[in-house]
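> dropping a prediction and its sequence here:
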Amino acid sequence: MSSATPVGYGSVTAPTDPARRCPVCGTPPPTPRATYCSDRHRQLAYRRRRSAPLPPPRRLPRHLVVYQCPLCEERFLATQRCDQCNVWCRSLGAGGLCIHCDQPVAVSDLLAP
């Protein structure tokens, strides 16, 4: 059952495929079996694959959010329910009290054209 010819799976000294390139920098690898051109790029690719995902966006603290009643359109800072209409207000985003009139003002109001 044994054969005189050994089974080979390709030569290590075979020329490199011109289409094979290092995924990090695009240069051809030094040997036909190599994927990366250097250990530094192999390590960099590993770290990129294993890097931690970005943290989810933080919610604003409630005391910095301006709310507006959908019925009477009165604005509140850090209060989600309208006292007069007894309905939930919609969020307008980050904001604070106006320094001139002491009324709640959303940042989007100041940036809008």
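Perfect, I can see it now.

> where does pLDDT dip in the protein?
Filtered on pLDDT under 70, the chain yields the residue ranges 1-17, 112.

> the longest strand in it is where?
Looking across the chain with DSSP state E, the single longest strand is strand 90-97.

> walk me through which strands the helix or strand just after that one pairs with, and which way each runs.
Counting by DSSP states H and E, the element after strand 90-97 in chain order, helix or strand, is strand 104-106. Sheet pairing of strand 104-106 (DSSP bridges) gives strand 90-97 (antiparallel).

> can you give me the domain boundaries for this structure?
20-50, 62-111 (automatic domain parsing).

> would you mind giving those as TSV with mean neighbour count and distance to residue 56 added?
C-beta here means a position set from N, CA and C on the backbone, and glycine is covered the same way. Converted to TSV, the domains of the chain look like this (neighbours: other CB atoms under 10 Å; distance: least, CB to CB, whole Å):
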stretch	mean neighbour count	distance to residue 56
domain 20-50	13	19
domain 62-111	14	18
